[in-house]
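Visitor: sequence plus predicted model, see below.
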Amino acid sequence: MKRLDLVILVLVTFIACNQKIKLENTFVESIPIDLDKTENKNLSDFVRNIELVPLYTDINCLVSTYNKFAYYKEIGMFLIMDKDLVVSLFSKEGQFIASSKAVMGVGPGEYRTAVDAIYNPYTKNIEILTPYGKIYRYDTSFHFVEEKSLEQSTQVFARFVPLQKNKYVLTPVILGDKDIAIYFCDYDQKEIGKPIRYDEDYISSLTMNYNPFLKLNNDLYFSPLCFNYMFYKILPESQQLQPIMKLDFGSHTVHKKDIVNRFGTASKTISKQEDRTFNYSVMDNVNNYLLENTAVPAIKFFNEKYVYVLVLKNGKRITYIYDRKTKRSYMQTNENPIRLSFCLDIDDTVLFAAVQPYELEKLIDIKLLDEKSKQALANIQEDDNPIIVKYYLR
């Protein structure tokens, strides 16, 4: 099985013109995606050039299959957390900076497990989140700074984003319908706020793997990791979620009521073993059905210019890029011999992907490379670290 399928499945129609629809006293931008299109664009139709940034490789900085990838423009660094939970930092040119390998353990200032890692612009630190909400802070050389924790017992978290130095939004691991929420947390007070739910827009707990938080022009946005067509703006002062954008799959839209009628809901508590077993059974049945019979928005994010969506549909991977200004869209499937890799970040007109060396041949058009990238390509070895591929959109 291809790595793309593993990344998405393990962690786990848009036909009208752009329009505005009213929802709860706000206006929600509708993004049309027509999955019945027959077009299968060439890479050069929507990408003007490609830049390769090989990540430096030696025995001290080997990166296994990654769980988290992010580019932090303010410090010019790539952050990668691999499947072994090692967090590594590379410069924007691909030079190795540091890794957390030396601070993994059970001693003071060390972490044993992790679910997320970020650069926090308020503390200027690299921060690592553990499942029960403890945060370990390190400088960019992974010297220990401090740890912060919450007073709580059972809630298991998956992702986080800072609002201030010691205030965050955390998302829980989805173990049932009750977890369709975000939490505003104050680490000075060690408090977890009440859950802010978005279950009205929730379809299923099918879990994806991308960064659910987006920051644009000092505003913070949220793209749920469950099956959900909505994007939200996070309102820290009122501690609310405001719907601002919705993917419209037209006739391929999945409706929650149809799923509930077919399978029921995984809404029971998990205090009893029989309840956990029931929840997991419902979730497995729903997720298997969705992956086998529907169009699933597996990765979705946006910025001021574009909306990017990777769709899984009956074993086919479909990339959709929507230009919010011109209202044009570009569609490409995995049947194209040279195709866009699945992407996990965007900066202005640049989509970022982290590609294994053996995948490059099918994921880049050599004619779109500059001379520096062509030279880099010639020097890449099969056992090298992933290569950062920067796709510059037209």
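Guide: That came through fine.
Visitor: from here on, contacts and neighbour counts on C-alpha atoms
Guide: Fine.
Visitor: you'd agree residue 174 is up against residue 180?
Guide: Yes - with contact defined as C-alpha atoms under 8 Å, residue 174 reaches residue 180; the gap is 6.9 Å.
Visitor: more neighbours: which of those two?
Guide: residue 180 (24 against 19; other C-alpha atoms under 10 Å).
Visitor: ok, the more buried one - contacts?
Guide: 172, 174, 197, 198, 199, 202 (C-alpha atoms under 8 Å, 6 or more residues apart in numbering).
Visitor: make it 7 Å
Guide: 174, 197, 198, 199 (C-alpha atoms under 7 Å, 6 or more residues apart in numbering).
Visitor: now do it, the pLDDT please.
Guide: Note on residue 180: pLDDT of 94.
Visitor: same deal with the one 10 residues further on?
Guide: Each residue has a pLDDT score; the one for residue 190 is 96.
Visitor: next, it: phi, psi?
Guide: phi 60, psi 40 (degrees, to the nearest 10).
Visitor: surely it meets residue 148?
Guide: No - using C-alpha atoms under 7 Å, residue 190 is not in contact with residue 148, being 8.4 Å away.
Visitor: can you give me the strands for the stretch 151-300 of the chain?
Guide: Applying DSSP state E, counting those that start in this stretch to the stretch 151-300 of the chain gives strands spanning 157-162, 167-172, 181-186, 191-192, 196-197, 202-204, 213-216, 219-222, 227-228, 230-235, 240-248, 295-302.
Visitor: for residue 261, find the nearest of those strands.
Guide: strand 202-204 (12.3 Å; C-alpha to C-alpha).
Visitor: what lines up beside the closest one in the sheet?
Guide: strand 227-228 (antiparallel) (DSSP bridges).
Visitor: not counting its neighbours along the chain, what's nearest residue 358?
Guide: residue 382 (6.1 Å; C-alpha to C-alpha, 6 or more residues apart in numbering).
Visitor: separation between that neighbour and residue 86?
Guide: As judged by C-alpha to C-alpha, to the nearest Å, residue 382 and residue 86 stand 21 Å apart.
Visitor: more neighbours: these two, which one.
Guide: residue 86 (23 against 11).
Visitor: give me the pLDDT for the residue nearest to residue 358.
Guide: Looking at residue 382, the pLDDT reads 91.
Visitor: quick one: what helix or strand has it in it?
Guide: Under the criterion DSSP states H and E, no helix or strand holds residue 382.
Visitor: how far away is it from residue 79?
Guide: From residue 382 to residue 79 the distance is 22 Å (C-alpha to C-alpha).
Visitor: ditto for residue 124
Guide: If you go by C-alpha to C-alpha, the gap between residue 124 and residue 79 works out to 14 Å.
Visitor: number of residues surrounding residue 95?
Guide: Counted with other C-alpha under 10 Å, residue 95 comes out at 16.
Visitor: is it true that it touches residue 57?
Guide: No - using C-alpha under 7 Å, residue 95 is not in contact with residue 57, being 8.9 Å away.
Visitor: wait, what's in contact with residue 322?
Guide: 306, 307, 308, 328, 329, 330.
Visitor: repeat the analysis, applying 8 Å as the threshold.
Guide: Contacts of residue 322 (C-alpha under 8 Å, 6+ apart): 31, 306, 307, 308, 328, 329, 330.
Visitor: filter these down to the buried ones.
Guide: Neighbour-count burial (16 or more other C-alpha atoms under 10 Å) applied to the contacts of residue 322 gives 31, 306, 307, 308, 329, 330.
Visitor: in helices, which of the residues you listed fall?
Guide: Of the buried ones among the contacts of residue 322, none are assigned to helices by DSSP state H.
Visitor: could I get these as CSV with distance to residue 128?
Guide: CSV is the format used below for these (distance: C-alpha to C-alpha, whole Å):
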residue, distance to residue 128
31, 34
306, 30
307, 28
308, 27
329, 37
330, 36
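Visitor: and which of those is nearest to residue 44?
Guide: For the buried ones among the contacts of residue 322, the nearest to residue 44 is residue 330 (11.2 Å; C-alpha to C-alpha).
Visitor: bridging residues for the closest one?
Guide: residue 321.
Visitor: 401 is where my numbering starts, stick with that
Guide: Sure, I'll start counting at 401 from here, so that last one is residue 730.
Visitor: would you confirm that it contacts residue 721?
Guide: Yes - Residue 730 lies in contact with residue 721 (C-alpha under 8 Å); the separation is 5.1 Å.
Visitor: hey, C-alpha coordinates of stretch 438-452 in CSV?
Guide: Taking Å, rounded to 0.1, in the frame of the first residue of the first chain, the C-alpha atoms of stretch 438-452 are listed here in CSV:
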residue,chain,number,x,y,z
THR,A,438,-13.8,14.5,-16.1
GLU,A,439,-10.8,16.9,-16.1
ASN,A,440,-7.5,15.6,-14.7
LYS,A,441,-5.2,18.6,-14.9
ASN,A,442,-1.5,18.3,-15.5
LEU,A,443,0.8,19.6,-12.8
SER,A,444,2.0,22.4,-15.0
ASP,A,445,-1.6,23.6,-15.5
PHE,A,446,-1.8,25.0,-11.9
VAL,A,447,1.9,24.9,-10.7
ARG,A,448,4.3,27.4,-12.2
ASN,A,449,7.5,26.0,-10.6
ILE,A,450,8.7,23.5,-8.1
GLU,A,451,11.5,23.8,-5.5
LEU,A,452,13.2,20.9,-3.7
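Visitor: ok, and what's touching that stretch?
Guide: Taking C-alpha under 8 Å, 6+ apart as the rule, stretch 438-452 contacts 730-733, 736, 738-740, 764-765, 768-770, 773, 776-777, 787-794.
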